[in-house]
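> need coordinates for the below:
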Amino acid sequence: MIKLKTTLSITLACISFICFAQEKMSIERLYFTGGKNIGSFSFKTSSGEKDKNLQWKMGNALGASMGIKLKEKQTVKAGLLYYETGSGSSFLEEKIDWQFNYMQLNVSYLYRLLEKGNFNLRAGALLGYDYLLKAEQSIGTVRYDLKELKSIKSFDFSVEPLAEANFKLSDISSIGIEYRFKRGFNQLEEKDADESAYNIGHKLLINLSITLK
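Model prediction:
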């Protein structure tokens, strides 16, 4: 669960980001986003073998973005997204759990593929820079702060394909569902150069948008 303090901090960060951007750019639409992230790791041992025992972990996602129309069918969005990810496994009957929280700054390009009445379908790609807010590992009942131990890199970045379907509610508001797939480009671990671990995940988000013009 997202704690109240975390939720307020994310909300204030998103509002500040949008207010700053509104002064600098000609923003046509605001998007408020909430949903789920289903994450895990793509992990290979020093011998190149994949770890097939890693589990998927579901977490929350919350953010906001702004949209700028380029042409009739093209839109660019920029925003912030807080999301929770991680994974689970076991070793010698001990349960192992990873919990990572990120704040993502992203820019995306969308192209409208279909429009019928109040419905439209868009697809595109997102460029994301993710800053690590929290990284914990639990082995049995013992918990380690990986961020404090500096064993996990403090940022990740990715190019994420995405698709969204939107339905117009009124002249100024719309609701939509969005899917994103992430495969991080940055090796997560700081020291284990012989191994490789990367973030992977599926995001399913609900967008409520408001037209400003």
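> tell me the gap between the helix or strand hosting K95 and the middle of its chain.
For K95, the element it lies in under DSSP states H and E is strand 94-116. Offset of strand 94-116 from its chain centre (Cα atoms, centre = their mean, to the nearest Å): 3 Å.
> show me what counts as buried in it.
Buried residues in strand 94-116, counted by 16 or more other Cβ atoms under 10 Å: 96-104, 106, 108-110, 112. Where C-beta positions appear, they are placed from N, C-alpha and C, glycine not excepted.
> list the pairing partners of that strand within its sheet, with orientation.
strand 74-91 (antiparallel), strand 119-139 (antiparallel) (DSSP bridges).
> output the ones you listed as CSV; include the columns mean pLDDT and mean neighbour count.
Putting the strands paired with strand 94-116 into CSV (pLDDT from 0 to 100; neighbours: other Cβ atoms under 10 Å) gives the following:
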stretch, mean pLDDT, mean neighbour count
strand 74-91, 91, 20
strand 119-139, 94, 17
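> need the ones you listed in JSON lines with distance to D145, can you?
JSON lines is the format used below for those (distance: least, Cβ to Cβ, whole Å):
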{"stretch": "strand 74-91", "distance to D145": "14"}
{"stretch": "strand 119-139", "distance to D145": "6"}
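> quick one, which of those is nearest to Q187?
strand 119-139 (13.2 Å; Cβ to Cβ).
> pick the one among the buried residues of strand 94-116 closest to G88.
Taking the buried residues of strand 94-116 together and measuring to G88 by Cβ to Cβ, the closest member is D97, at 5.0 Å.
> kindly state the beta-bridge partners for the closest residue to the closest one other than its chain neighbours.
Excluding its sequence neighbours, the residue lying closest to D97 (Cβ to Cβ, 6 or more residues apart in numbering) is S138, at 4.4 Å. Following DSSP bridges, S138 is listed with bridge partners D97, R143.
> no more questions from me, cheers.
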